[in-house]
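[1] following is a predicted model, sequence given first.
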Amino acid sequence: MPVSIKTAQGMKQSSWIRRMFEAGEELRVRLGDENVFDLSLGNPEDEPPAEFRQELIRCVQNPRPGMHRYMANAGYMATRDAVASSISKELGVNFKGGDIVMTSGAAAGLNIVLKTLLDPGDEVIVISPYFPEYLSYIDNHGGVARIVETGDDFKPTPETIQKAVSVKTKAVILNTPNNPTGVVYDQAVLKGLAEVLEESKSRFGRSVYIISDEPYRRLLYDDVQFSSPLKNYRQSILATSYSKDLSLPGERIGYIAVNPDIEEKEELVAGFIYANRVLGFVNAPALMQNAVTNLQNVTVSVAEYQRRRDHLYHGLLDAGYSVTRPEGAFYVFPKVPGEDTAFVRKLMEYGVLGVPGSGFGKSGHMRLSFCVNDRTLEGAVRGLKKAFKG
C-alpha cells in the first residue's frame, strides 16, 4: 500500500467539514444547485473589499525588480513593520517588526508554532468545541491533544484548565471569536486562564504558552470588544490570517506575532523562521505580502455579517432551536433534536447542509455558517424550520 498507515487512518477519519462538502456536491447533482443551501463551509462568499483590488492592481502595474523572488523567511520587513504598527494600536501591545513572521495563512502559522515548541509527548490543551484540524496540527509535530470541555456558555473556566495542566503541558490553543460557536472570550476568562498558567509554572517549573488563533478577531457584533490573550499573559503567541476579515482564504496569507515581553523571544522567533523554511512554506506569498501591507485597517462589512447573523439566529429561534447568540465570527452552533449526525442527514432531505457538532468535539449540536448569500440563507432557514417540525 503506497499510503502510510497513519495517513490512511487520517483519511478515514477526515474532517466532517470536508465530508459535508463532498455530500453537498452529490446533493447538487440530485436536487439541482438552486435547491441546495450550503451552510457547511467557512468559505466567505463576499468579495474582498475594493481597496484590496486597488492595491493588487497597483502592485502588478508597478512591479519592483525582484518582487517575485525569495525574500527573508520571515517576510518583507515593510510588511512586518506595517503589521506591528497596526496590531500595537488594536491590541494594546507594543509590537515591533521583528516580533512578526509572515506565514501562508493561520494554518501554516499554527504548524510553525507547534513545530517550534513541541517535543514528542508534549501536551497541548484544546478547548471544546474546537476547530477539528487542531488535533491534526498537534499530531503533526509529535504532540498530544488534551481536550477540555466547556459548559453551556462554551467558555473555559480556571478550574477546568487547572485540572488539565500537567508537567507535560506545553501550550493552550485559544480561538476567540470561536469557530464553531461564535463565542468571544471576555477579559474575566482570559485573566482567570492567565492566573492558572502562571501558577502552573511555579508548580511544574516550565512555561505553558498560549497560542491565540485569531482569524475572526475583527468580526465582532453588538459592540462586543475583543480582549487580547497577549495583553493578559506574557508567554503568548498570536497566529492569524487575512482569510476572513479581507475575504482572502484562497490567498493563504497571515502572520505570527510574538508577545514582545515573552521570555527568550529571540530564540522563539528564530525557531519560527527556521520552521517556516523546513516545513516547506519557505516564505509567505510575495505578492500577497505586498498587497496587504497597506491594508492593515481594512475589513469586510461587519454590519453585513451582523445582518446575516440576525437573520439566521432569529430564524433558528422561531423554529424552536436552542442556540447561543454568536458575538463574533460567522457561525451559529445550535442544539439539535436527537443525535447530531442523524439530524444533519435529515436536514439534507430539505437541501440544507450543516456540520455535526461531534466533528468539533461537542455532540448534540451542529455548526451553520452565515458567510453566504441571502438566497442560500433564506432557503436554509425554510429547511431548518421544516426539519425541526418534522
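    Great, that's in hand.
[2] flag every buried residue along stretch 31-49.
    Buried residues in stretch 31-49, counted by 16 or more other CB atoms under 10 Å: 36-44, 48-49. Every C-beta, even on glycine, is put in place using the N, C-alpha and C of the backbone.
[3] turn those into a markdown table, including secondary structure, pLDDT and distance to residue 134.
    What follows is the buried residues of stretch 31-49, written out as a markdown table (DSSP: H, G, I helix; E, B strand; the rest coil; pLDDT from 0 to 100; distance: CB to CB, whole Å):
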| residue | secondary structure | pLDDT | distance to residue 134 |
| --- | --- | --- | --- |
| 36 | coil | 92 | 29 |
| 37 | strand | 96 | 28 |
| 38 | strand | 94 | 24 |
| 39 | coil | 96 | 22 |
| 40 | coil | 94 | 19 |
| 41 | coil | 90 | 18 |
| 42 | coil | 91 | 14 |
| 43 | coil | 93 | 19 |
| 44 | coil | 96 | 21 |
| 48 | coil | 98 | 27 |
| 49 | coil | 98 | 29 |
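[4] how about the helices in the chain?
    Here the chain has its helices, by DSSP state H, at 5-12, 16-31, 50-61, 77-91, 105-117, 133-140, 158-164, 187-204, 229-232, 265-278, 286-292, 302-319, 340-348, 374-389.
[5] out of those helices, the one nearest residue 212 is which?
    Nearest to residue 212 among the helices of the chain is helix 229-232; the distance by CB to CB comes to 4.4 Å.
[6] picking up where we left off before, out of the helices of the chain, which one sits most buried?
    Compared across the helices of the chain, helix 105-117 shows the largest average neighbour count, a mean of 24 (mean count of other CB atoms under 10 Å).
[7] quick one: that helix to helix 265-278, angle?
    120 degrees (axes from the mean of the first three to the mean of the last three CA atoms, to 10 degrees).
[8] okay, now the domains of this structure?
    5-48+300-389, 51-292 (automatic domain parsing).
[9] now the protein, which segments are flagged as low pLDDT?
    Within the chain, the ranges that satisfy pLDDT under 70 run 12-14.
[10] and the residue with the largest distance to the centre of it, how close does it get to residue 199?
    Here the chain reaches farthest from its C-alpha mean at residue 65, the gap being 35.1 Å by CA atoms, centre = their mean. Applying CB to CB, to the nearest Å, the value for residue 65 to residue 199 is 54 Å.
[11] and what of residue 249?
    For residue 249 relative to residue 199 (CB to CB), the value is 38 Å.
[12] same deal with residue 140?
    30 Å.
[13] repeat that for residue 151.
    For residue 151 relative to residue 199 (CB to CB), the value is 22 Å.
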